[in-house]
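[1] compute the structure for the input listed below.
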Amino acid sequence: MTQFGDVQVQQLGHVGVLELQRPPYNFFDAALIGSVADALEYLDAADDCRAVVLAAQGKAFCAGADFQAASGKALFADDPQRSAGDLYRHAVRLFRTRKPIVAAVQGPAVGGGLGLALAADFRIICEHSRFAANFVQLGVHAGFGISHVLPRIVGAQNASLMLYTGRRVGPEAALAMGLADSLTSAGRLREEAVALAAEISQAAPLAVESTRQTLRQGLADAVERQLEREFAEQQRLAATADHAEGLIAVTERRPGNFTRT
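    This is a model prediction of the structure:
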């Protein structure tokens, strides 16, 4: 096993298993996403790794940023070393890696956690899985390239519905809209994700990587361009009263009382 911060990597045959280890919610910051990128680049360089499983410990796959913590409160700060600007530079690195990624989403993937799940090629889910792009409920624009990647996966209408409302999407709806590729039980989730990655790894690795590059051609560059607008809008909207209200409302688990200010 190899450790990259709060991310552990082990190899099962030709499958690399990358596990987030910030239970129970796996809240992210720039350090965690940087560690995920480091781990994926490490597996990219390993000739005996042909596919990757992205998994997580705990209750949530990734609950996004912790807005009750200092790292979450500073997410849209002007200082790029303390803000989403640094985090998003690492996010682009995820989209530039070469090997297929299967995400084992054992619980909620919310906000930027949804963005992390969308960086994978496939998503295996269970009865506890939930997806939400809840940015508008926080009074800010979506980030992590979600406004580009989500429509690519689920179509413009489904993406618009998720992004305009911030609603949570359960496992059956996620499967129906193509947000997930397979629905299984929580007890079999990791096993099925590894099985899919192993199936991919049985094919000729150079051909798989070449095909993936064709299918995802221009994706990382498009995500990088979209992130520039996303982050600029996040910084602008973070200065509004609606964002301050959104943070309080989410913490208090109630609808926001937004005033367009």
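
[2] residue 123: neighbour count?
    26 (other C-beta atoms under 10 Å). C-beta coordinates here come from the backbone N, C-alpha and C atoms, glycine included.

[3] same deal with the one 10 residues further on?
    One way to gauge burial is a neighbour count; for residue 133, by other C-beta under 10 Å, it gives 31.

[4] can you pull the contacts of it?
    Residues in contact with residue 133 (C-beta atoms under 8 Å, 6 or more residues apart in numbering) are 111, 114, 142, 146, 150, 162-163, 166.

[5] tell me which of those residues is nearest to residue 129?
    residue 114 (11.1 Å; C-beta to C-beta).

[6] quick check, that closest one in contact with residue 132.
    Yes: counting by C-beta atoms under 8 Å, residue 114 does reach residue 132; the two are 6.5 Å apart.

[7] of the contacts of residue 133, which belong to helices?
    114, 146, 150, 162-163 (DSSP state H).

[8] quick check: buried residues in stretch 20-32?
    20, 22, 25-30, 32 (16 or more other C-beta atoms under 10 Å).

[9] check contacts around the residue nearest to residue 95 when sequence neighbours are not counted.
    Using C-beta to C-beta, 6 or more residues apart in numbering and skipping the chain neighbours, the partner closest in space to residue 95 is residue 220 (3.9 Å). Listed by C-beta under 8 Å, 6+ apart, the contact set of residue 220 reads 92, 95-96.

[10] scan the residues you listed and report the most crowded one.
    Result: residue 95 is most packed of the contacts of residue 220 (other C-beta under 10 Å), 20 neighbours.

[11] quick one: pLDDT of that one?
    Residue 95 is assigned 98 on the pLDDT scale.

[12] restricted to helices, list the contacts of residue 220.
    Reading helices off those with DSSP H, I get 92, 95.

[13] export the contacts of residue 220 to TSV and tack on distance to residue 241?
    TSV is the format used below for these (distance: C-beta to C-beta, whole Å):
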residue	distance to residue 241
92	31
95	34
96	38
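
[14] closest to residue 154 out of the contacts of residue 220?
    residue 95 (17.4 Å).

[15] can I take it that residue 148 is in a helix?
    Yes: assessed with DSSP: H, G, I helix; E, B strand; the rest coil, residue 148 lies in a helix.

[16] isn't it right up against residue 223?
    Yes: counting by C-beta under 8 Å, residue 148 touches residue 223, with 5.7 Å between them.

[17] neighbour count for these two, which is higher?
    Neighbours were counted for residue 148 and for residue 223 using other C-beta under 10 Å; residue 223 has more, 26 against 21.

[18] which SSE is the more buried one in?
    Using DSSP states H and E, the element containing residue 223 is helix 219-238.

[19] same question for residue 214.
    Going by DSSP H and E, residue 214 is in helix 205-215.

[20] list the buried residues in that helix.
    Neighbour-count burial for helix 205-215 [16+ other C-beta under 10 Å]: 205, 208, 212.

[21] what's the answer for stretch 189-200, then?
    For stretch 189-200, by 16+ other C-beta under 10 Å, it's 189-190, 192-198, 200.
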